[in-house]
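[1] Coordinates for the following, if possible.
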Amino acid sequence: MGKRPLSDQASSAALDELLDEILTDAHGDDEQLWALCQAFEDNVTLPADAFIIGEPVSVVAIDYSGSAMRGLTAKCRREDGSEHVVAAVDVAFSAGSTGARHVAAYRKWLGLEPFEAKAPAPTGRRRQHKATAEDLDLSGPIELVALSVKERAARCRLLGSERVITLRASRLWDIVPGEIVTVEPRKQWRYSGHPYLSGEITTSRLDAHALGLVPLNLEDQGMWDPKEHYWGQEDEPIEEWAKPIIARGLRPDLEMERVLPGEDPNNPDTDPIIEANERHVAGDRLGAERMLMELCQSDLRCLDAHAHLGNLAFDHRPEDAIRHYEVGLRIGELSLEDDFDGVLAWGNIDNRPFLRCMHGFGLCLWRLERFDEAERVFDRMLWLNPSDNQGVRFVNADVKAGKSWEETRNDG
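    Here you go, the predicted model:
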């Protein structure tokens, strides 16, 4: 599992430390701007992919002309080859990158918010950087991260990069968004300005750490107290699974960040997950799947999309559904430290996508008769969400008894 993201306070302290390091022996605005510019030159590898107001660009230089009023500037090259100079504060490097950290430090030095507040996600997908011929070595295997999968093509990005390419290959039905595929390449070309690659998929794997994603933030909700929790009627004995949870006592109560591209918080009718579900209920399964794939393509950290893709496959193909659920689960786990001991309560609604992924993963393990693994997942779910809004404690009894999914269905 990964490290928990820095809190705002910790991030601010880290930027203060970076600024102290950069500005040592620099006095006055002019000297400090030269020092900040030099820090970019020493630490940020250019050219580098970035965005200017949502437009993909390549930043080729960070400069200081000597005008303190103008400050640092960035020379940017667009996809059509044209170059433009913009204020460095407007450059958005990949989140978590060295470039993003230095821009945040510069913004803080200016007295601006280091990290710009998130605006409501646009209804369409954000434009992405495109792979070039120079990015690909066709003499050997190429590793790609699957972002979305259609019948005859998959949108992918190069592993270790934000650059995207469309893959045409056989066996596309055998990969899911978030997995890493190894391709033996045959041909690379461009059509209408978009890059394509053809080849044979030789292997696929899930390695959430290798995806290069920024972990979802965990927001502190205070402390969870088992004494304030409902454990049943006073005259009823405490169930065995609950005893160690009660004995553990106070634990941090946290809420996991929910990523949902295309959602407008001020307009509930823009929820793409609800729309995908409505399409599925109306009989448009392919339309629902297409919407969910587009969400994954926009941001693989949309755990809701992975959960609902799993739901689409669950009834008839649990061996496929489990892979969707596990991708969402492992991406969510990037936010949890190895010794994570907090509570992710269902009542904090943004925890639900992660809990849905975990629940679906556990149910698929059970259906595939991987009883020991299913038991561990369900035990962990009870620890994370003692309210057990998903009814894990009831199915876990059957799992512990080695009772198959089919037997339970027949008994019902």
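
[2] From now on I want contacts and neighbour counts done on CA atoms only, so please keep to that.
    OK.

[3] which residues in this structure form helices?
    Ranges of helices in the chain, per DSSP state H, are 8-22, 28-43, 98-109, 243-248, 272-281, 285-298, 303-314, 318-333, 352-367, 371-384, 392-400, 405-411.

[4] Distance check, the nearest residue to residue 293 once chain neighbours are set aside against residue 290.
    Using Cα to Cα, 6 or more residues apart in numbering and skipping residues adjacent in sequence, the residue nearest residue 293 is residue 148, 5.0 Å away. For residue 148, the distance to residue 290 equals 9 Å [Cα to Cα, to the nearest Å].

[5] between these two, which one's more packed in?
    Between residue 148 and residue 290, counting by other Cα atoms under 10 Å, residue 148 is the more crowded of the two (23 against 16).

[6] quick one, what contacts that one?
    Residue 148 sits next to 154, 155, 156, 176, 177, 293, 294, 296, 297 when contact means Cα atoms under 8 Å, 6 or more residues apart in numbering.

[7] My guess is the second one contacts residue 144. True?
    Just to be clear, that refers to residue 155. No - with contact defined as Cα atoms under 8 Å, residue 155 does not reach residue 144; the gap is 9.5 Å.

[8] more crowded one of the two?
    For residue 155 versus residue 144, neighbours defined as other Cα under 10 Å are more numerous around residue 144 (24 against 21).

[9] Who are the contact partners of the more buried one?
    156, 157, 158, 159, 180, 181, 182, 183.

[10] could you redo the last one with a cut-off of 7 Å?
    Each residue near residue 144 by Cα atoms under 7 Å, 6 or more residues apart in numbering is listed here: 156, 157, 158, 159, 180, 181, 182.

[11] Which among the residues you listed count as buried?
    For the contacts of residue 144, a neighbour count by 16 or more other Cα atoms under 10 Å gives the buried set as 156, 157, 158, 159, 180, 181, 182.

[12] shouldn't the third one be in contact with residue 145?
    Yes - counting by Cα atoms under 7 Å, residue 158 touches residue 145, with 6.3 Å between them.

[13] How much space separates the residue nearest to residue 114 when sequence neighbours are not counted from residue 21?
    Once flanking residues are discounted, residue 114 sits nearest to residue 104: 4.3 Å by Cα to Cα, 6+ apart. Residue 104 sits 15 Å away from residue 21, going by Cα to Cα.

[14] Comparing the two, which residue is more hemmed in?
    Under the neighbour definition other Cα under 10 Å, residue 104 and residue 21 were set side by side, and residue 104 has more, 23 against 12.

[15] Pretty sure that one sits against residue 111.
    No - Residue 104 is not in contact with residue 111 according to Cα under 7 Å; the separation is 10.6 Å.

[16] which stretches of the stretch 201-350 of the chain have low pLDDT?
    The stretch 201-350 of the chain contains residues with pLDDT under 70 at 265-266, 268.

[17] got the contact list for stretch 87-95?
    Contacts with stretch 87-95, where a contact means Cα under 7 Å, 6+ apart, come from 49, 50, 51, 52, 72, 73, 74, 99, 100, 103, 107, 214.

[18] in it, what's buried?
    Neighbour counts over stretch 87-95 (16+ other Cα under 10 Å) mark 88, 89, 91, 92, 93, 94 as buried.

[19] swap in stretch 36-43?
    Buried residues in stretch 36-43 (16+ other Cα under 10 Å): 36, 37, 38, 39, 40.

[20] ditto for stretch 329-343
    329, 330, 331, 332, 333, 334, 335, 336, 342, 343.

[21] Nearest spatial neighbour of the fourth one, chain-adjacent residues omitted?
    Same thing as residue 332. Of all residues not flanking residue 332 in the chain, residue 354 sits nearest, at 6.2 Å (Cα to Cα, 6+ apart).

[22] can you check the second one too?
    Nearest non-adjacent residue to residue 330, counting by Cα to Cα, 6+ apart: residue 208, 6.0 Å away.

[23] Does the one you found touch residue 333 like I think?
    No - using Cα under 7 Å, residue 208 is not in contact with residue 333, being 8.8 Å away.

[24] circling back: residue 136 versus the residue nearest to residue 332, what's the distance?
    The gap separating residue 354 from residue 136 is 35 Å, by Cα to Cα.

[25] Equivalent analysis for residue 386, please.
    For residue 386 relative to residue 136 (Cα to Cα), the value is 49 Å.

[26] Looking at those two, which one has more neighbours?
    Comparing residue 386 with residue 136 by other Cα under 10 Å, the one with more neighbours is residue 386, at 23 against 15.

[27] ok, the residue nearest the centre of the chain - contacts?
    Centroid-nearest residue in the chain, with Cα atoms, centre = their mean: residue 301, separated by 2.2 Å. When contacts are counted by Cα under 7 Å, 6+ apart, residue 301 touches 259, 331.

[28] do you know how far it is from residue 24?
    Counting by Cα to Cα, the gap from residue 301 to residue 24 is 38 Å.

[29] Let's have the buried residues of stretch 87-95 in CSV, adding pLDDT and distance to residue 253.
    Compiled in CSV, the buried residues of stretch 87-95 are given as follows (pLDDT from 0 to 100; distance: Cα to Cα, whole Å):
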residue, pLDDT, distance to residue 253
88, 93, 38
89, 93, 35
91, 93, 35
92, 91, 32
93, 91, 32
94, 85, 30
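
[30] which stretches of the stretch 51-200 of the chain have low pLDDT?
    Along the stretch 51-200 of the chain, the parts satisfying pLDDT under 70 run over 116-126.

[31] Go ahead and confirm the residue nearest to residue 332 touches residue 329.
    Yes - assessed by Cα under 7 Å, residue 354 is found in contact with residue 329 at 6.2 Å.

[32] quick one: contacts for residue 44?
    If you count contacts by Cα under 7 Å, 6+ apart, residue 44 has them with 98, 99.

[33] Give me the pLDDT for it.
    If you check residue 44, the pLDDT there is 93.
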